[in-house]
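A.B. asks: this is a predicted model, with the sequence first.
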Amino acid sequence: MGLVKEITAQHEWETFVGSLPKSTLLVIFFHAPWAAPCAQMAKVIEALASDYAAKEDSPPTSWVSINAEELSDVSEIYDVVAVPYVVLQRNDQVLEAVSGSNASALRKAIETHAPLNSTAAATATATTTANDKSGTTGGGEEVGKNEEVLSPEEELNKRLTGLVNAAPVMLFMKGTPSEPKCGFSRQLVNILRERSVKYGFFNILADDDVRQGLKKFADWPTYPQLWVSGELVGGLDIVKEELEKDPDFFKNFSVPSQNGAAAA
Ligand SMILES: N[C@@H](CCC(=O)N[C@@H](CS)C(=O)NCC(=O)O)C(=O)O
Ligand code: FES
């Protein structure tokens, strides 16, 4: 079996997703054949997939690769506006998406949602460790390398730093761009969409640690939160104000107005 399955038809996609066991983390890699960063990211994904395949007690994962332009219906469902774009989902729920060729953000995201047990845990029996979601999130330089011991708070902050830098424009929202779960988040998605802004997003409803932690980290009490280049811009009101002051606020982050995905 190839580790990363190329899906080339809509029906193939539907069958595949429909047959996935609930606990499996599905990694969906959207790419375009003309985008050089995609070729790089494809290698990263192959390597990650083989890491998971190599570890006997690793949580169940499944890896697919989709040509974003060829399967535009699928791309639309996931709001793919740029490639490479990787979506992590479990049980039909989008957990996180990583936009652009950001290998470390991707590895961090995957390890967060499907923690690989450390070498010590690997020697324990698989049954007792399989459900341990509360453990460390990895995120170290290399799997298996000695990691500095971090307090849970430091660990979370490290993770949050990774998340706010996961894409040049990051939206922390309630729900997903195609299914916002609150009017404030929906409005901000619309603002970004109208301006063809390329952005990554994180559904804070899927992760209460991030939901509560980021408020402290950002010193900002609500969602949505928009981050640009790793810095908090603010919530919906602030973004509206910024756009009033400077209508070109997002100029550097917009996709040229053409169909299909743009290289990130
Ligand atoms: N005026 C705010 C509206 C956002 C807001 O009030 N968000 C609330 C309700 S969705 C929130 O995130 N509360 C904290 C929470 O739900 O964790 C803005 O400009 O973004
Ligand atoms: S979820 Fe109630 S206002 Fe956003």
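C.D. replies: Looks like it arrived, so ask away. Ligands and ions are numbered 1, 2, ... in the order given.
A.B. asks: got the buried residues for stretch 236-252?
C.D. replies: Using 16 or more other C-beta atoms under 10 Å as the test for burial, stretch 236-252 gives 236, 239, 242, 249-250. For the C-beta atoms, the positions are set from N, CA and C on the backbone; glycine is no exception.
A.B. asks: same thing with stretch 199-211?
C.D. replies: The neighbour-count check on stretch 199-211 (16+ other C-beta under 10 Å) flags 199-207, 209-211 as buried.
A.B. asks: can you tell me which of the residues you listed end up in helices?
C.D. replies: Mapping the buried residues of stretch 199-211 onto helices (DSSP state H) picks out 209-211.
A.B. asks: now do the phi/psi pair for the residue of the stretch 101-250 of the chain found nearest ligand 1.
C.D. replies: Nearest residue of the stretch 101-250 of the chain to ligand 1 (C-beta to the nearest ligand atom) works out as residue 235 at 2.4 Å. For residue 235, the backbone dihedrals are phi -90, psi -160 (criterion: degrees, to the nearest 10).
A.B. asks: what's the pLDDT at it?
C.D. replies: Residue 235 carries a pLDDT value of 98.
A.B. asks: then residue 166?
C.D. replies: 87.
A.B. asks: show me what from the stretch 101-250 of the chain comes close to ligand 2.
C.D. replies: 174, 182, 184 (C-beta under 6 Å from any ligand atom).
A.B. asks: among the residues you listed, who's most crowded?
C.D. replies: Each of those was scored for neighbours by other C-beta atoms under 10 Å, and residue 174 scores highest at 20 neighbours.
A.B. asks: surely it meets residue 187?
C.D. replies: No. In this structure residue 174 lies outside contact range of residue 187 using C-beta atoms under 8 Å: 11.6 Å.
A.B. asks: secondary structure class for residue 216?
C.D. replies: On the three-state scheme (DSSP: H, G, I helix; E, B strand; the rest coil), residue 216 is labelled helix.
A.B. asks: returning to that earlier point: Serialize the residues of the stretch 101-250 of the chain next to ligand 2 to CSV and add fields for secondary structure and pLDDT.
C.D. replies: CSV is the format used below for those (DSSP: H, G, I helix; E, B strand; the rest coil; pLDDT from 0 to 100):
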residue, secondary structure, pLDDT
174, coil, 95
182, coil, 96
184, helix, 97
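A.B. asks: closest to ligand 2 out of the residues you listed?
C.D. replies: Checking those against ligand 2 by C-beta to the nearest ligand atom gives residue 182 as the nearest, at 3.2 Å.
A.B. asks: check contacts around the closest one.
C.D. replies: Neighbour list for residue 182: 173-175, 223 [criterion: C-beta atoms under 8 Å, 6 or more residues apart in numbering].
A.B. asks: mind redoing it with 6 Å?
C.D. replies: Residue 182 is in contact with residue 174, counting by C-beta atoms under 6 Å, 6 or more residues apart in numbering.
A.B. asks: do you know how far it is from residue 48?
C.D. replies: Noted for residue 182: a distance of 32 Å to residue 48, by C-beta to C-beta, to the nearest Å.
A.B. asks: now the end-to-end length of stretch 166-184.
C.D. replies: End-to-end distance for stretch 166-184: 22 Å, by C-alpha to C-alpha, to the nearest Å.
A.B. asks: that one and ligand 1 in contact?
C.D. replies: Yes. Stretch 166-184 is in contact with ligand 1 by C-beta under 6 Å from any ligand atom, via 174, 182, 184.
A.B. asks: for the last one, what are its contacts?
C.D. replies: Okay, so that is residue 184. Each residue near residue 184 by C-beta under 6 Å, 6+ apart is listed here: 224, 236.
A.B. asks: check the first one too.
C.D. replies: By C-beta under 6 Å, 6+ apart, the contact list for residue 174 reads 181-182, 185, 205, 223.
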